[in-house]
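**Q** Generate a structure from the sequence data that follows.
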Amino acid sequence: MENKRYRIISQNNNSTLVEEYIKTEKKKTSYETEDELEKKFIKLLQEQGYEYLKINNEDDLIINLRKQIEKLNNYKFSDEEWNWFFNNEIAKKDDFIIEKTKKIQDGDGQILLKTGKPLQDGSNFKNIKIIDKFDIHKNFLQVINQYEENNGNHKSRYDVTILVNGLPLIHIELKKRGVDLKEAFNQIERYQRDSFWSSKGLYNYVQLFVISNGTLTKYYSNTIRNNHIQKNKSQTFSSYEFTSFWSDIKNKRIEDLTDFTKTFFAKHSILNVLIKYCVFTVQEELKVMRPYQIAAVEKILNKIEIANNYKYFGSTKAGGYIWHTTGSGKTLTSFKAAKLIKNVDYIEKVLFVVDRQDLDYQTMREYDKFEKGAANSTKNTSELEKKLNSSDSNDKIIVTTIQKLNIFIKNNKNHKIFSKRIVLIFDECHRSQFGSFHNNIVKNFKNYSIFGFTGTPIFSENINSSNKTFWQTTEQAFGDKLHSYTIMDAISDNNVLKFKVDWVNTFKSTKNIKNTKINSINEPKVLMDPKRIENNVGYILEHFNQKTKRNTCYEIGNKKVDGFNSIFCVSSIEAAKKYYQEFKKQQESKKEKLKVVTIFSYAPNENISDTIDEEEQETTKLDKTSRDFLDSAIKDYNEYFETNFSTDGDGFQNYYKDVSKRMVDKTIDLLIVVNMFLTGFDAKTLNTLWVDKNLKFHGLLQAYSRTNRILNSIKTHGNIVCFRNLLDDTNEALALFGNENAESIVLLKTFEDYYDGYEENGNHIKGYSELIDELKTNFLNNNVDLKSEMDKKLFIKTYNSILRIKNILTSFDEFEGKEILTERNFQDCKSKYLYICEEFRNKNNGDSEIINDDIIFENELIKHDDIDVDYILRLIWKLAQEKQKNKKPIDLNDLKKIILSSSILRNKEDLIEDFCKKLNIELDLEWEGNVEFEWKKILKQKELQEREKIIKEEKLKKEEANSYFEKCLKNKEVSEFGDDISKILTGSILSNERNIRKNEVIKKIKNHVERFNDL
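**A** Take a look at the predicted model:
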């Protein structure tokens, strides 16, 4: 049946994505209710072969599950067998989301059944499939709606669920058109908190979620949702940002629910996504691949099949290149491609080739995260030879460097592997080193299929003039472009961040150079002038906190992090030396110093100033002065971090790895580099690149792209601060790797746009000044008491908009002094915001059935400039000193205003007040104690008192509970899963009642840990 809304122009029946679609009918203009949207959706699924069932309760769900499992396995369970299988495997008591996800994703989808009677082969065991991974069309798809769960914290009714062989594996939450899509996301969060776990917990099998308001539709994995629940008070990222749109192969988004249903929910597509294109990592996170990643993998597999059929092996016709922009997840794409190629019978080996030793290590580390032991690295050429000789299937995927592979070729001219069918996958295939090495590989391997991954291909426009080999462009080296996903696609899909580029001139030359915002200064003497270097360092130190948002705080895991970190790329080793010395000089007298580190090694083309030719990561070719200086810088590093690195051999390699790790962990503030770390390095906490180096084309975009990884709602863009005029170079690079309109998509708008407002797609987007006027008019000037729910929602919506836009504006130098509201005004607004947040949270968690999924609180942004305990203790100490001097007690009123405006301190208000009262008494006795020590002492006393109260009220096992409380306080985290909670509960009660009580205990312990987390 042809879809009336759009028609598929081209489609490969084996492809998960459609090649292209074009809408042919205008949308209906009449109002559509959520119920109508749901019925239309189910009808479309039925037309595509899904069986509709009226199942609204767990008993019927289990009866159907048994039928489907029996049908899939062509086996009839006895009642005894089924009860054992269901209770001990399918609905095992202590299995939660992770355990159930393992059953679906790990292995071959089979579970061992102990049968009641011997089988024909005499055994008492049979493998029972719950999902068929080898022939996906044997899996049976059904759809149910309005399923009711009455045994959770609240009664819940789910919109639409897809059953695969009777198990609920995909859940769809719908909202009517015009409603914010985040409301559906929030509702799924509520279901997880309140009811997915209840009864037999079958809804914890859900692998994928789809959310739609009819107009927009997105999908995501169960662990994105689960991480959101686990981290919703201290998220490491904004989980909603990791939801994905579906698209066709040309990256055209398929947003409307009807279009999405016809493509994503096509039976072969949804089963492919569920079975082939999910990766359950070692960290127990389920990663569902994005459409462009799936398209790339299938293009590679298709090319290999064509090469086999048409005897193309040994030429570029057997391969091609994937152009996926930096930060779009190329490692996951290449991993999945390698895993699927491994299953192709006629392929002997899959070689993943990198051009640097650190990337060999980094790639293996990433591959091991996806699946431990899936690939093998090679420490040296002998080990590479051993892996190539091995017939063990575990050695079929090999990660190696191009240097090791080249040495192997030179030492083994007649090796049998050269005649075998080999797939070579090159990472970062745009790099200049792929000259003679690349030539040797394709000359010696006779039956190769070669693929390249790059975020910035080499075209005729950006060929490195130093590259004298035949292999000039990426296409000449690897073959046709198989798939592209450019930086414009990634930013449009919110998969990477935009850039904010500042042009800064800190130096006025005495020479006759035109004075623009930043001068086009290129004379070496001017660029290396000591005064210019001094001014540039002064600018960085003055603006570092602003650009890297040093005054903001968030959490990564259990670690509190202040702001972001940065890289400073400079033109030469000599420049790196001068800048490093200047930072030391200017920070010498400062109490709080930035942790500034430098790293460099020999680069053959350092004299070509606009390239990023990777340094060779060995120091023997450095001149003596440069090596001595590097030794001195590493000595500073060793003293600060208590390490023991040097410029000798492995010592430098280990230094590189340690610097890389500390950049990722954000224990280094600023890293000075020449070429290192500007390509192939990922650190989500990195948000600023300082530039005093000429950059062009792929080198420029690669360097800029170090800053634009998504992390959380505080990190809205990557900052680029240029001390040279790279305006034309930036525009040329964006035009080459995007198009002539790329600037408007890739770069942030101007300060004036964000401050005063702007027009976009026929709509006016309010600016900061307009939003502040609304806040003053509606709430501040009229002293609105915010009693009605409508007023509260309007206040939250307005203040959310202010928080988001202010977060961007603080990166602009021009914003200083233009905040309009006073600091006290902002404190008062934050207090109201946090009060409303607590009020709605209590409604959602309490006995009330009032659920406010349409209220979205910016938890990370409200903590943007939060005041923490350290700050308040310093303030108390200052007040204590004033009390001793002036003989006046500490005034609690001003302290209260500060405390109530802090999300960190609100739940400690009474503790701080008691502490201050205690100090007032002791200060009268000429007390000279330590404020921090006394605070910790009173905090511990209160913690033990309140802990004892919880243990008594909830009748917990005292010894086990005390041990669990200590563990939670140490980790600053309360796990909702596992046996720990169950072990501290007393009494034997029904499963559902136990789960409800368990959740109540978890809630109390979470509040307790959050209140006393400073211990």
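**Q** Please name the residues that touch N687.
**A** Contacts for N687 (C-beta atoms under 8 Å, 6 or more residues apart in numbering) come out as K547, T548, K549, F564, N565, S566, T707, K715, H717, G718, N719. To be clear about C-beta, it is placed using only N, CA and C from the backbone, and glycine gets the same treatment.
**Q** and of these, the nearest to M790?
**A** Distance to M790, by C-beta to C-beta, is smallest for K715 among the contacts of N687, at 32.8 Å.
**Q** Report pLDDT for the closest one.
**A** According to the per-residue confidence, K715 scores 91 in pLDDT.
**Q** just checking, it touches L497?
**A** Yes. If you go by C-beta atoms under 8 Å, K715 and L497 touch, sitting 6.9 Å apart.
**Q** Look at the two and report which has more neighbours.
**A** Taking other C-beta atoms under 10 Å, K715 and L497 do not tie; K715 has more neighbours (26 against 23).
**Q** Which residues are in contact with that one?
**A** L497, K549, F564, K684, N687.
**Q** Go through those residues and name the one nearest D650.
**A** Nearest member of the contacts of K715 to D650, counting by C-beta to C-beta, is K684, at 28.3 Å.
**Q** Would you confirm that the closest one contacts R706?
**A** No. K684 is beyond contact range of R706, at 10.6 Å (criterion: C-beta under 8 Å).
**Q** K591: how many residues sit nearby?
**A** The number of residues packed near K591 is 5, by other C-beta under 10 Å.
**Q** From Y833, how far off is it?
**A** 34 Å (C-beta to C-beta, to the nearest Å).
**Q** same thing with K175?
**A** Applying C-beta to C-beta, the value for K175 to Y833 is 25 Å.
**Q** Tell me which of the two has more neighbours.
**A** Just comparing K175 and Y833: by other C-beta under 10 Å the higher neighbour count belongs to K175, 24 against 21.
**Q** I'd assumed K182 was in contact with the more buried one.
**A** No. Between K175 and K182 there is no contact under C-beta under 8 Å: 9.5 Å.
**Q** How about C278: what's its closest non-neighbour residue?
**A** Closest residue in space to C278, ignoring its immediate chain neighbours: V288 at 5.1 Å, by C-beta to C-beta, 6 or more residues apart in numbering.
**Q** actually K896, not the one I wrote
**A** Nearest non-adjacent residue to K896 (C-beta to C-beta, 6+ apart): E909, at 7.0 Å.
**Q** Going toward the C-terminus from the strand or helix carrying that neighbour, what's the next helix or strand?
**A** Using DSSP states H and E, E909 sits within helix 909-923. Beyond helix 909-923 on the C-terminal side, the first helix or strand identified by DSSP H and E is helix 931-953.
**Q** Could you pull up the mean pLDDT of the helix or strand just after that following helix?
**A** Scanning forward in sequence from helix 931-953 by DSSP H and E, the next helix or strand is helix 958-971. In this model, helix 958-971 has a mean pLDDT of 88.
**Q** what's helix 958-971 packed up against?
**A** Counting contacts by 3 or more C-beta pairs under 8 Å, 6 or more residues apart in numbering; DSSP states H and E, helix 958-971 is packed against helix 931-953, helix 980-984, helix 991-1011.
**Q** Columns distance to V674 on top of these, output as JSON lines?
**A** Listed next are the helices and strands packed on helix 958-971 as JSON lines, based on distance: least, C-beta to C-beta, whole Å:
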{"stretch": "helix 931-953", "distance to V674": "43"}
{"stretch": "helix 980-984", "distance to V674": "50"}
{"stretch": "helix 991-1011", "distance to V674": "45"}
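**Q** between those helices, which one is nearest to S769?
**A** Taking C-beta to C-beta, helix 991-1011 is the member of these nearest to S769, at 36.0 Å.
**Q** Can you check what angle separates that closest one from helix 931-953?
**A** If you take axes from the mean of the first three to the mean of the last three C-alpha atoms, to 10 degrees, helix 991-1011 sits at 170 degrees to helix 931-953.
**Q** list the buried ones in helix 991-1011?
**A** Residues N995, I996, R997, K998, N999, V1001, K1004, I1005, H1008, V1009, R1011 are the ones in helix 991-1011 that count as buried (16 or more other C-beta atoms under 10 Å).
**Q** cool, and stretch 366-380?
**A** E366, Y367, K369, F370, A374, A375, N376, S377, T378.
**Q** Okay, and which of those map to strands?
**A** N376, S377 (DSSP state E).
**Q** Adding pLDDT and distance to F445, write the buried residues of stretch 366-380 out as CSV.
**A** Putting those into CSV (pLDDT from 0 to 100; distance: C-beta to C-beta, whole Å) gives the following:
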residue, pLDDT, distance to F445
E366, 78, 25
Y367, 77, 22
K369, 76, 30
F370, 80, 27
A374, 74, 23
A375, 77, 19
N376, 77, 19
S377, 78, 20
T378, 79, 17
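**Q** ok, so of the buried residues of stretch 366-380, who is nearest S788?
**A** Taking these together and measuring to S788 by C-beta to C-beta, the closest member is K369, at 49.4 Å.
**Q** show me the contacts for that closest one.
**A** Shown in contact with K369 (C-beta under 8 Å, 6+ apart): T281, V282, Q283.
**Q** check contacts around the first one.
**A** Spelled out, it's T281. With contact taken as C-beta under 8 Å, 6+ apart, T281 is in contact with K287, K369, F370, E371.
**Q** hang on, the residue nearest to C278 packs against S244?
**A** Yes. With contact defined as C-beta under 8 Å, V288 counts as touching S244 (7.4 Å).
**Q** For those two, indicate the residue with more neighbours.
**A** V288 (23 against 19).
**Q** Quick check: phi and psi on that one?
**A** When read as degrees, to the nearest 10, the backbone of V288 gives phi -100, psi 130.
**Q** what residues are up against it?
**A** For V288, the contact set (C-beta under 8 Å, 6+ apart) comprises Q207, L208, Y219, Y220, S221, S244, V273, Y277, C278.
**Q** so the third one bridges to which residues?
**A** Okay, so that is Y219. V210, S244 (DSSP bridges).
**Q** State the pLDDT value of it.
**A** Listed pLDDT for Y219 reads 97.
**Q** Any idea how many residues pack against it?
**A** Close neighbours of Y219, defined as other C-beta under 10 Å, add up to 23.
**Q** Might you report the residue contacts of it?
**A** When contacts are counted by C-beta under 8 Å, 6+ apart, Y219 touches L208, F209, V210, I211, T243, S244, W246, F264, V288.
**Q** Confidence-wise, which of the residues you listed comes last?
**A** Of all the contacts of Y219, T243 carries the smallest pLDDT score, 91.
**Q** How much space separates that one from E255?
**A** Distance of T243 to E255, computed by C-beta to C-beta: 12 Å.
**Q** The two: which has the busier surroundings?
**A** With neighbours defined as other C-beta under 10 Å, T243 and E255 compare such that T243 has more, 20 against 17.
**Q** Convert stretch 553-565 to PDB, retaining C-alpha atoms only.
**A** Extracted as PDB, the C-alpha positions of stretch 553-565 are listed here (Å, rounded to 0.1, in the frame of the first residue of the first chain):
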ATOM      1  CA  CYS A 553      29.500  23.200  39.200                       C
ATOM      2  CA  TYR A 554      28.200  19.900  38.100                       C
ATOM      3  CA  GLU A 555      29.000  16.300  38.700                       C
ATOM      4  CA  ILE A 556      30.600  13.500  36.700                       C
ATOM      5  CA  GLY A 557      29.900  10.300  38.400                       C
ATOM      6  CA  ASN A 558      30.400  11.100  42.100                       C
ATOM      7  CA  LYS A 559      33.000  13.800  41.400                       C
ATOM      8  CA  LYS A 560      32.100  17.400  41.700                       C
ATOM      9  CA  VAL A 561      33.500  19.400  38.800                       C
ATOM     10  CA  ASP A 562      33.900  23.200  38.500                       C
ATOM     11  CA  GLY A 563      33.600  24.400  34.900                       C
ATOM     12  CA  PHE A 564      35.500  23.100  31.900                       C
ATOM     13  CA  ASN A 565      39.000  23.000  30.700                       C
END
